[in-house]
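> What follows is a predicted protein model with its sequence.
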Amino acid sequence: VEICFKTLPVPGNGTDVSLGSCFPPGSGGYEAYNAYAQNVWNSNLFVNGRIEVVGNSAVKSLNKTPASILLHPNPTNSSSTLYLETPYSGAGQIQVDNLAGQLTWKQAISLQAGKNIFHIPAEAFPEGGIYLVSVLSAQGRLQRKVIVY
């Protein structure tokens, strides 16, 4: 049996999942695909019959604790706002690189456990193109692409 479904809640929210006796995951091959046709199934996100929804660009921190990152607007023609949810507090850094790997902007930040909001100014994106926005901390790196036109 193959069952396909799509759910589109806001990152950081959960979605109820009930498929009968085949759950919980772990007893067979389970798959969850993102908009880029990549299998992004992560059993760590399945808790008490719910799947935690993270942004499609979320990258797990090095210790596999879920976190999410979102840039808005994306695409943009000027600045952007970075929304980050993490279970950790501490020092960090936002870094913007172009696709050639050249650093275009960075800023030291203080992360708070929970929701964080940071402004990325237009000068971080010196010309149109695709940039990689990273949040670095002792727990790892979260990264998101942003398109600038």
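Perfect, thanks for sending it.
> so which strand or helix has Ile130?
strand 129-137 (DSSP states H and E).
> in that strand, what counts as buried?
Across strand 129-137, burial judged by 16 or more other C-beta atoms under 10 Å covers 131-137. In short, each C-beta sits where N, CA and C put it, glycine included.
> Residues contacting it, please?
Strand 129-137 has contacts (C-beta atoms under 8 Å, 6 or more residues apart in numbering) with 61, 69, 71, 80, 82, 84, 86, 88, 90-99, 104, 109, 111, 120, 124-125, 141-148.
> Give the next helix or strand downstream of that strand.
strand 140-148.
> list the helices and strands that next one packs on?
strand 68-72, strand 80-86, strand 129-137 (3 or more C-beta pairs under 8 Å, 6 or more residues apart in numbering; DSSP states H and E).
> Can I get the second one as CSV, trimmed to CA atoms?
What follows is strand 80-86 as a C-alpha-only set of coordinates in CSV (Å, rounded to 0.1, in the frame of the first residue of the first chain):
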residue,chain,number,x,y,z
SER,A,80,15.3,40.2,4.5
THR,A,81,14.2,39.0,8.0
LEU,A,82,15.5,35.8,9.4
TYR,A,83,13.1,33.8,11.7
LEU,A,84,14.9,31.1,13.7
GLU,A,85,13.5,28.7,16.2
THR,A,86,16.0,26.7,18.3
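> I figured Tyr88 was touching Leu111, is that so?
Yes - at 6.2 Å, Tyr88 counts as touching Leu111 under the criterion of C-beta atoms under 8 Å.
> More neighbours: the two, which one.
Leu111 (20 against 17; other C-beta atoms under 10 Å).
> Report the beta-bridge partners for that one.
Gly90 (DSSP bridges).
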